[in-house]
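**Student:** fold the following and give me the result.
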Amino acid sequence: MSTDEDSLGLSQTLSGTATMRIAGLHKIDSFYTPLEERFERISRLGKNVLGVRATGVTLIANETLWFKSVVGWRVNELPIKDSLAQPMLDSGKPLIVPDTHNDVRYVKLPLVTGKPKFRFYAGFPLRDGDGEIIGTFCAFDTKPKKADHGLDEMLSDLGQLAERELLTTDLWNAQSQLVGKLDTARRQALLDPLTRVWNRRGGIEMLEMVLQESSSSREQFAVCLVDIDHFKEINDEHGHGTGDQALRKIAASITASVRPEDVVSRHGGDEFLVILRDATPSVCKLVAERICGRIEETRVRTDDGSVAVTVSLGVAVSDPGETLSAEQFVERADKALYQTKRQGRNAATIWQDDAS
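**Tutor:** As a prediction, the model looks like this:
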C-alpha cells in the first residue's frame, strides 16, 4: 500500500471509530485532565530506560494526539498527520523507526525536517477494554537508535504499563469523581497549558465542588497556597524561559508530593493552590513537609548551570462546624502564607484563629 493510501486508510479508520474512542475515554475520564504522577512516572521511566530525549503517553481525539504526559519535550497536542504516530496507528502494531531519514513515511514530516528534528521514533498502541486504539506510548530522539530485541521488550512493557493505568478501576478516586462532572470542553478550558495542572478557575471550581460535598459528608479538607520564593529574581536574572521551566517543574513536584485524590491548580503567576482531601492538620503538616522537601531538591537548568528553588506554604484546614466560601478558605490560606514569608520562607504555616 502506498503512503497516500496509508493516510487515506487511517483517516477512514479514525472517522469510523472516533465516536467509540471518545466514548471509551469519557468512561475512564482521562482526556483533557490535569497532570497525574502515575503517568509522569511512566514517561520518566521510559525516557531513562530507553535512553531517548523524550517520551509520552498520548490519547486520540478525532485527528489529534493529546499528550496525557510528556517528559523531555514541551508539547500539549499535535495533529495526527503531523505527528510520527500515523503509520503505527494505521497498522495497529508497535513500531520502531531507527532512523526517520531512511524511512519514506517520515522523511518529509515537519518534526523531522524542522525542530525538534527527530531521527528516532518508537510507538506502542494503547487500547481500551473493547480493543479499540485510544492512544499511544511514544519515544523520540534527535539521534538514530539501533533497534534490537531488548528495545522491543522495553517498549512493550512500558506500553502495557501505560495501558493498564488508563484502564484501571483505581481511577475512580475522589478527584476523578469531581472531574467526571465536567464535560471534555469544560475540562480543556480549565487546564493551564504551561504547567498542565488546573488553572485558577479550575482550582476554584474544584474547591467549590469539595465545599458542596463536604457540607453533607462532613469530610475535613484543607486549602493550601504554595508560593515560589523569590520568583521575580529567577525571571530577572535568568529570563522568562527559566521561569517557565521552574513553574513546570514545581507543578510536577507538587503533583508528585500529594495523593491522587488531591487537587493541584496554578492559582496565579507564581502561586499554586492545592486542595487536600480528607486532611487533618497532622496530614497537612506531613504533605507540606513533603512538598517543601521535594522542591528543595529540584534544580532548574540555566545557561550558567542550575538554580535551586524553594517554596512557602500557607494552609487552612476546614472545621466541620463552620460554613465558609471558597474565597474565605483561600483568604485564610493566604494569611498563613504571609506568616511563612515573615518567618523566613521555605516552610509551611497552618492558619489559626489568632493568626495576624
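**Student:** ok, Asp82 touching Val112?
**Tutor:** No: Asp82 lies out of contact with Val112 (CB atoms under 8 Å); the separation is 10.3 Å. C-beta: built from backbone N, CA, C; applies to glycine.
**Student:** compare these two (neighbour count), which wins?
**Tutor:** Ranked by neighbour count (other CB atoms under 10 Å), Asp82 and Val112 place Val112 first, with 18 against 14.
**Student:** ok, for the more buried one, nearest residue in space, not its chain neighbours?
**Tutor:** In this structure, Val112 finds its nearest non-sequential neighbour in Thr100, 4.7 Å apart by CB to CB, 6 or more residues apart in numbering.
**Student:** quick one: low-confidence ranges for the protein?
**Tutor:** 1-30, 169-174, 354-356 (pLDDT under 70).
**Student:** where do the strands sit along it?
**Tutor:** For the chain, the strands defined by DSSP state E occupy 54-61, 64-71, 77-79, 95-97, 120-127, 133-141, 222-228, 263-266, 271-276, 299-302, 305-308, 311-317, 348-350.
**Student:** please produce TSV containing those strands, extended by mean neighbour count.
**Tutor:** Below are the strands of the chain laid out as TSV (neighbours: other CB atoms under 10 Å):
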stretch	mean neighbour count
strand 54-61	25
strand 64-71	22
strand 77-79	15
strand 95-97	21
strand 120-127	24
strand 133-141	27
strand 222-228	26
strand 263-266	27
strand 271-276	25
strand 299-302	15
strand 305-308	12
strand 311-317	26
strand 348-350	22
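**Student:** if we can go back for a sec, what's the spacing between the residue nearest to Val112 and Arg266?
**Tutor:** 35 Å (CB to CB, to the nearest Å).
**Student:** and the residue most central in space within the chain, what does it touch?
**Tutor:** Nearest to the geometric centre of the chain sits Leu35, at 2.2 Å (CA atoms, centre = their mean). By CB atoms under 8 Å, 6 or more residues apart in numbering, the contact set of Leu35 is 69, 195-197, 251-252, 255, 264.
**Student:** go again using 7 Å as the cut-off
**Tutor:** Leu35 makes contact with 196-197, 251-252, 255, according to CB atoms under 7 Å, 6 or more residues apart in numbering.
**Student:** and if you look at Thr184?
**Tutor:** Shown in contact with Thr184 (CB under 7 Å, 6+ apart): 31-32.
**Student:** re earlier: among the contacts of Leu35, which are in helices?
**Tutor:** Judged by DSSP state H, the contacts of Leu35 include 251-252, 255 as members of helices.
**Student:** quick one: which of these is nearest to Ile134?
**Tutor:** For the ones in helices among the contacts of Leu35, the minimum distance to Ile134 (CB to CB) is 22.7 Å, reached by Thr255.
**Student:** the closest one reaches Asp262, doesn't it?
**Tutor:** No: if you go by CB atoms under 7 Å, Thr255 and Asp262 don't touch, sitting 8.8 Å apart.
**Student:** that older thread, the residue nearest to Val112: how many residues sit nearby?
**Tutor:** By other CB under 10 Å, neighbour count at Thr100 equals 23.
**Student:** that one touches Pro110, doesn't it?
**Tutor:** No: taking contacts as CB under 7 Å, Thr100 lies outside contact range of Pro110: 11.6 Å.
**Student:** before we move on, back to that, buried subset of the ones in helices among the contacts of Leu35?
**Tutor:** The neighbour count (16 or more other CB atoms under 10 Å) marks 251-252, 255 as buried among the ones in helices among the contacts of Leu35.
**Student:** Ser83 touches Leu65, doesn't it?
**Tutor:** Yes: the pair Ser83 / Leu65 is scored as a contact, 5.2 Å apart, by CB under 7 Å.
**Student:** Arg248 and Asp192 touch, don't they?
**Tutor:** No: assessed by CB under 7 Å, Arg248 is found out of contact with Asp192, at 10.1 Å.
**Student:** neighbour count winner among those two?
**Tutor:** Between Arg248 and Asp192, Asp192 has the larger neighbour count (other CB under 10 Å), namely 21 against 17.
**Student:** returning to what we had before: now, among the buried ones among the ones in helices among the contacts of Leu35, which is nearest to Val330?
**Tutor:** For these, the nearest to Val330 is Ala251 (18.3 Å; CB to CB).
**Student:** what residue spans form the domains of the chain?
**Tutor:** Following automatic domain parsing, one finds the domains of the chain at 3-170, 175-350.
**Student:** show me what contacts Trp351?
**Tutor:** Applying CB under 7 Å, 6+ apart to Trp351 gives the contacts 314-316, 332-333, 335-336.
**Student:** that one and Ala139: what is the separation?
**Tutor:** From Trp351 over to Ala139 (counting by CB to CB), the distance is 45 Å.
**Student:** what's the answer for His267, then?
**Tutor:** 34 Å.
**Student:** cool, and Ala347?
**Tutor:** Distance of Ala347 to Ala139, computed by CB to CB: 39 Å.
**Student:** ok, Asp236 next?
**Tutor:** As judged by CB to CB, Asp236 and Ala139 stand 37 Å apart.
**Student:** same deal with Gly56?
**Tutor:** Gly56 is 8 Å from Ala139, by CB to CB.
**Student:** and Val49, by the same measure?
**Tutor:** For Val49 relative to Ala139 (CB to CB), the value is 10 Å.
**Student:** Asn76 too?
**Tutor:** Taking CB to CB, one finds Asn76 at 18 Å from Ala139.
**Student:** residues in contact with stretch 156-168?
**Tutor:** With contact meaning CB under 7 Å, 6+ apart, stretch 156-168 is reached by 28, 30, 38-39, 42, 45-46, 57, 94, 124, 126-129, 137.
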